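Coordinates for the following, if possible.
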Amino acid sequence: MKIGDLVRRSGLSERMLRHYESLGILSPSRSPGGTREYSEADLQIARLAGYFRAVDVPLEEVAAVARERVHHATGDSSQRAIGALLGELARELAIKAERAATLQRLVAEASSAVAQCKGCENPPGAATCPDCPMNDAAERNAVVAMIWKDG
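Residues are numbered from 1 along each chain as shown. Next up, the predicted model:
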């Protein structure tokens, strides 16, 4: 497929796809006339790189994994080096996943706390609604505290 097709199917910009190519993440084949020709595998790799980017994994780290194999003469040395890179990437993603799960829990709890204000006629705030459940929730949940703080 041509780059326009890849743009349409991947949801990524042409500029981003060319950046992935410059980093070595994508390696399209070339027609006899020099036109880039992308495969279904290239589409999957482009989407994957987009996912890494969406969770703030530096593209240089993704590129290091993509380029590493060619620097090795044997499968054994290749697997050791790539395994180390993938291990570090997995650790980084686990940390991000843990943080995301914590944030998701806090946001869900805050949403439940805010829902308790449905139908309340008092102006929202600790001073104007002293019996509000948000007061207690703000002590346990930083998202609620952020919403509920005065000033």
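
which residue packs closest to residue 133, ignoring adjacent ones?
Excluding the flanking residues, the one nearest residue 133 by CB to CB, 6 or more residues apart in numbering is residue 116, at 4.7 Å. The C-beta positions use only the backbone N, C-alpha and C, and glycine is treated the same way.

okay, now the one you found: neighbour count?
12 (other CB atoms under 10 Å).

now the one 4 residues further on
Other residues within reach of residue 120 by the criterion other CB under 10 Å amount to 13.

Ok, the one 3 residues further on next?
Burial measure for residue 123: 8 neighbouring residues, criterion other CB under 10 Å.

Could you check how far the residue positioned nearest the centre of the chain is from residue 49?
For the chain, the residue nearest the mean C-alpha position is residue 55 (1.5 Å; CA atoms, centre = their mean). Using CB to CB, to the nearest Å, we find residue 55 at a distance of 11 Å from residue 49.

Quick check: buried residues in stretch 58-76?
Within stretch 58-76, the residues scored as buried using 16 or more other CB atoms under 10 Å are 59, 62-66, 68.

quick one: which of these is nearest residue 32?
residue 66 (25.8 Å; CB to CB).

The closest one against residue 21, yeah?
No. Residue 66 lies out of contact with residue 21 (CB atoms under 8 Å); the separation is 10.7 Å.

what residues does stretch 78-97 touch?
Contacting residues not belonging to stretch 78-97 are listed as 55-57, 61, 64-65, 68-69, 71-72 [CB atoms under 8 Å, 6 or more residues apart in numbering].

Okay, and the nearest residue to residue 71 once chain neighbours are set aside sits in which element?
Spatial nearest neighbour of residue 71, chain neighbours left out: residue 81 (7.4 Å); criterion: CB to CB, 6+ apart. Assigned by DSSP states H and E, residue 81 belongs to helix 75-115.

thinking again about what came up before, in contact with the residue nearest to residue 133, which residues?
Neighbouring residues of residue 116 by CB under 8 Å, 6+ apart: 132-134.

Counting neighbours, which of the residues you listed end up buried?
Buried residues within the contacts of residue 116, counting neighbours by 16+ other CB under 10 Å: 132-134.

where's residue 103 relative to residue 70, distance?
For residue 103, the distance to residue 70 - CB to CB - is 38 Å.
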